[in-house]
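In: the sequence and its predicted three-dimensional model are supplied below.
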Amino acid sequence: MYLDANFFIFSNFDQTSKGENARRIQEKIIAGSKAMTCALTLDEVMRVMIKNKRKEALRETIEDIYATPNLAVHFESKKLLMNYISKVVTRKQGHSSRASN
């Protein structure tokens, strides 16, 4: 599963049901579910934190993300994005052909 910046913001700072849901997903990842994100996502997390006056929590939050078991942080963002797009396009084409039968 791919995790975007909203996931990390919600799991770390949101006290509503969105935050609770994100923390449940985070617990599943720690327990063994595989997840991934990319360096550009972490850049966005940092920008949102700074914009929302959470700069003091920046280092700890990013270090915690990197330390999360079963979470891969990819640095080849273009390659990761293109692979994801290929999978989505393939999945939608397969779905379309099944729907037309």
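Out: Thanks, I have it. Remember, it's a predicted structure, so these values are computed and weren't measured experimentally.
In: can you show me the helices along this protein?
Out: 5-13, 17-31, 39-51, 58-67, 77-100 (DSSP state H).
In: got these as CSV, with mean neighbour count columns?
Out: Glycine gets a C-beta too; all of them are placed from N, C-alpha and C. CSV is the format used below for the helices of the chain (neighbours: other C-beta atoms under 10 Å):
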stretch, mean neighbour count
helix 5-13, 20
helix 17-31, 14
helix 39-51, 16
helix 58-67, 13
helix 77-100, 10
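In: now mean pLDDT too, for these, in TSV please.
Out: Shown next, in TSV, are the helices of the chain (pLDDT from 0 to 100):
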stretch	mean pLDDT
helix 5-13	96
helix 17-31	97
helix 39-51	92
helix 58-67	94
helix 77-100	62
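In: quick check: Ala57 touching Met49?
Out: Yes: between Ala57 and Met49 there is a contact at 6.6 Å, judged by C-beta atoms under 8 Å.
In: residues touching Asp64, list them.
Out: Applying C-beta atoms under 8 Å, 6 or more residues apart in numbering, one finds that Asp64 lies in contact with Asn12.
In: sweet, I'm off.
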